[in-house]
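*Asks:* sequence plus predicted model, see below.
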Amino acid sequence: MKIVILGKGGQGVIFFSRIIAQAAINRGLSVYSTEIKGMAKKGGTVEIQMKIGQGMCGLVKKGSADLVILLSDDLIDYAKTFGNNVFTFKKEEIQAALERVSMRFVNIFLLGVFVKRAKFFEMEDFIKILDEENRESFLKGYEYV
Amino acid sequence: MQKLYISGNEAIAYGLIESGIKFISGYPGTPSSEIIPSAQKIVKERGIKAFIDWAVNEKVAYESAYAASLCGIKAAVTMKQVGLNVAMDPFMNSAYVGTDSAMVLISVDDPGPHSSQTEQDSRFFAMGAKIPVFDPSTIQEAYEFAKKAVELSEKYSIPVMLRSSTRVSHGRADVKIVGSMPVDSIKVQFKTLKDWEKKLWRYAATPRQRLMLHNKLNKIISEIESLNELKFFFHGPLLLISSGAVFSYLYELIEEYGLHEKVTLAKADMPYPLKNFDFPKFQRIITIEESTPVIELQLCTEGRRNGIVPKEGELTIEVCEDILEKIGLIKREKRGSSPPLKRPSLCPGCGHRIALYAVKKVFGKKAIYNGDIGCYTLALNFHVTDTVLCMGASVSFAFGMKKAFSLAEKQQDFVAIIGDSTFFHSGIPPLIDSVHYRVPFLTIILDNKSVAMTGNQKTLSDNKSSFGETTAPIYIEDVVKGIGVKFVETVDPYNFEDSIKTLKEAKKYLKEKAEPAVIIFRHLCINTKEGLELNPKYSVKISKELCKGCKVCVLEFECPAIEFKDEEKKAKINDTLCIGCGCCIHICPTKAIVLVE
Ligand code: SF4
Ligand code: SF4
Ligand code: SF4
């Protein structure tokens, strides 16, 4: 499976991607990814391309992604260059994340939302690898949907 | 054996430490910066005794690691590709002199370039120096080749290069790691060597002896070359040769398009020195490699020189696809173009912004601003940087340009802008010349006590090493005064009034005394934990009534937390981005930006 995850510096995009990768590795799948963070700290784009269970490198060709996960709405046009299956978060979901967990865990809350809604992965895969604080936020997101 | 999901740079660190490397130096530079912190972490966790820390620049890093290797300690040095330019002198020489233990240079290239000044190919420099170079294609290979590089260096007693690139260094994969680390004690010897007298000539060779050393090096290189075979995959009549990350793209594309019967793919683990091959059974031989035709020149194949491979830019997987199409192997659909992404700007609340805004206010738009390499290069966006060349060139440019203008008897203000670590790296020598030749321009040293752009590494102002040992902080003021600069002032740029006052004094000094002046703007990088915690916090808002929509705050100050609402023609603060530094209250012409009590 080829995934692209897009967001901005400070959104925890990299952590988000590493959890997904770890979940796949625990299932015995190979994972290759590439991180383009440029000047991410300065609000720049953070782009993770990832291949799970296939290939030799993390690069995902334009137009070939099975799934694009978008954490920052303004990158939608860019997201579509990778593939048509773009997963976005609804306004209410982001609002709920901001209200229910502290800023640091917003990405993990959204990961929970993603896992439930996208049905690409199993909840258990994540429960196993997250520490307590993260697990709590993850479940809040998962149950919110 | 364990499996870890790690980056290429972490994989390299594991490879080095597992091979018994005990001395690593380097200078930060994207995409190489994570190797040293990763290695530090590994040895700390396992209680391995080692020296692994940053040097003032790449030349010093190379020389000190090389010196350690001459004393019998396995050593390595890390840098980005342009850093190798700075280390060129010891690099070239060390090939002749050779080593007594392992000496591995890790140079990370950045085709694209994504965050560099050039697309230079470190493999080409290795070839120029006659130093063998490994070029990993995957993260797993980054780990394995780091070990091979150490082995080869020890075996032949010459330095070996491990070339990585952005895609390998910043890629991640589940890597198989042996995980056992040697905890042997460290032994050194130099003058105590038994046959010291016989060896001595090598360490301080005369030109005539250098010729002998060159001859010895040539013999070693021929031997390594004779053993360096390509690896072959698939079995078609067309031979494609590659190395590095590009090999993995080609491999994937051959599988994707089912070209197994049409193409043979060859891989050079070590692109230099390459054994000369006879390829009679192939119809055509094309090398597809990044960024200089290193394999192509050695094996005399088609590729870059006859226009099949683009002469510039990263060979992304898409570009490799284009190349396969050009050769006539595949047909593919047209791709759409990508929309441009938002340009980066300095962080909200960054001290550089308000400092440089003050500089612009006093020196005006007509002054020429000679910038340098660091976060502050982004001052380009709000017109306080006119030139950027390479590390330290801000000061030499201000020197050279000011001299040029004065030869033509033309008055012109020059301001050199340089960060603390770039100043130490290579800003000091040109400042010495400027003092010596009494060239009047202002040097602004932006001191945030961090190598911010490459991930906030420690600087010379710290009183602790990365291992917590006491270090002697180096004070920029002392250095600048020691050189002989008489106007040296230090200001916290958050004190805007002070900044303006000091800048005006400097301007006056330059005019009256006609000698160089230096202002140090000191404010911690707010992208560090300490910097953010110590930063003042205000609540700031923009009054709708007072805002005239002049856009000074977005175009001339450019805090990303200030957004311009086109519908209302008013500026507005984005509370999720704003860190409440309060700097912007100084810059609005109509005083619409105010503190909320
Ligand atoms: S990382 Fe630090 S120095 Fe760089 S822009 Fe951000 S605050 Fe400024
Ligand atoms: S500088 Fe002041 S007046 Fe001009 S747009 Fe910004 S807030 Fe409005
Ligand atoms: S207070 Fe002003 S300058 Fe500081 S971060 Fe907020 S908007 Fe930017």
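*Replies:* Looks like it came in fine. Ligands and ions are numbered 1, 2, ... in the order given.

*Asks:* number of residues surrounding residue B:179?
*Replies:* 12 (other C-beta atoms under 10 Å in any protein chain shown). C-beta: built from backbone N, CA, C; applies to glycine.

*Asks:* bridged to the residue lying closest to it once chain neighbours are set aside, which residues?
*Replies:* Among residues not flanking residue B:179 along the chain, residue B:2 sits closest, at 4.9 Å (C-beta to C-beta, 6 or more residues apart in numbering or on different chains). Assessed by DSSP bridges, residue B:2 has beta-bridge partners residue B:177.

*Asks:* how about residue B:457?
*Replies:* Note on residue B:457: beta-bridge partners by DSSP bridges are residue B:451.

*Asks:* ok, and the closest non-adjacent residue to residue B:376?
*Replies:* Closest to residue B:376 by C-beta to C-beta, 6+ apart is residue B:352, at 4.7 Å.

*Asks:* quick one: contacts for the residue nearest to residue B:179?
*Replies:* Counting by C-beta atoms under 8 Å, 6 or more residues apart in numbering or on different chains, residue B:2 makes contact with B:176, B:177, B:179.

*Asks:* again, but for residue A:58
*Replies:* A:32, A:33, A:34, A:49, A:50, A:51, B:167, B:171, B:172, B:173.

*Asks:* would you confirm that residue B:348 contacts residue B:560?
*Replies:* Yes. The criterion here is C-beta atoms under 8 Å, and residue B:348 meets it with residue B:560 at 5.5 Å.

*Asks:* intersection of neighbour lists for these two?
*Replies:* The contact sets of residue B:348 and residue B:560 overlap at residue B:577 (C-beta under 8 Å, 6+ apart).

*Asks:* who touches the host helix or strand of residue B:175?
*Replies:* Assigned by DSSP states H and E, residue B:175 falls within strand B:171-177. The contact list for strand B:171-177 (C-beta under 8 Å, 6+ apart) reads A:18, A:21, A:25, A:30-35, A:57-58, B:1-8, B:11, B:14, B:18, B:138-140, B:143, B:245.

*Asks:* can you list which of the contacts of residue A:58 are found in strands?
*Replies:* The strands, defined by DSSP state E, take in A:32, A:33, A:34, A:49, A:50, A:51, B:171, B:172, B:173 from these.

*Asks:* before we move on, the earlier item: out of the contacts of residue A:58, which comes closest to residue B:297?
*Replies:* Using C-beta to C-beta, residue B:167 comes nearest to residue B:297 of these, at 23.0 Å.

*Asks:* can you read off the pLDDT for the nearest residue to that closest one once chain neighbours are set aside?
*Replies:* Spatially, and ignoring its direct neighbours in sequence, residue B:167 is nearest to residue B:245 (4.2 Å; C-beta to C-beta, 6+ apart). In this model, residue B:245 is scored at 96, pLDDT.

*Asks:* pretty sure residue B:245 belongs to a helix, no?
*Replies:* Yes. Counting by DSSP: H, G, I helix; E, B strand; the rest coil, residue B:245 is located in a helix.

*Asks:* that one against residue B:288, yeah?
*Replies:* No. In this structure, residue B:245 is not within contact of residue B:288 by C-beta under 8 Å, at 11.3 Å.

*Asks:* neighbour count: those two, which is higher?
*Replies:* With neighbours defined as other C-beta under 10 Å, residue B:245 and residue B:288 compare such that residue B:245 has more, 32 against 27.

*Asks:* buried ones in the strand holding residue B:175, by neighbour count?
*Replies:* Using 16 or more other C-beta atoms under 10 Å in any protein chain shown as the test for burial, strand B:171-177 gives B:171, B:172, B:173, B:174, B:175, B:177.

*Asks:* tell me the mean pLDDT over that strand?
*Replies:* Per-residue scores along strand B:171-177 average to 95.

*Asks:* and the next helix or strand past it?
*Replies:* According to DSSP H and E, the helix or strand after strand B:171-177 is helix B:196-203.

*Asks:* quick one: list the elements packing against that next one.
*Replies:* helix B:207-227 (3 or more C-beta pairs under 8 Å, 6 or more residues apart in numbering or on different chains; DSSP states H and E).

*Asks:* now the angle from the helix it packs on to helix B:196-203?
*Replies:* Taking axes from the mean of the first three to the mean of the last three C-alpha atoms, to 10 degrees, one finds helix B:207-227 and helix B:196-203 inclined to each other by 90 degrees.

*Asks:* distance from the chain centre to helix B:207-227, please.
*Replies:* The chain centre lies 31 Å from the centre of helix B:207-227; the measure is C-alpha atoms, centre = their mean, to the nearest Å.

*Asks:* point out the other helices and strands that it packs with.
*Replies:* Counting contacts by 3+ C-beta pairs under 8 Å, 6+ apart, helix B:207-227 packs against helix B:88-97, helix B:139-156, helix B:196-203.
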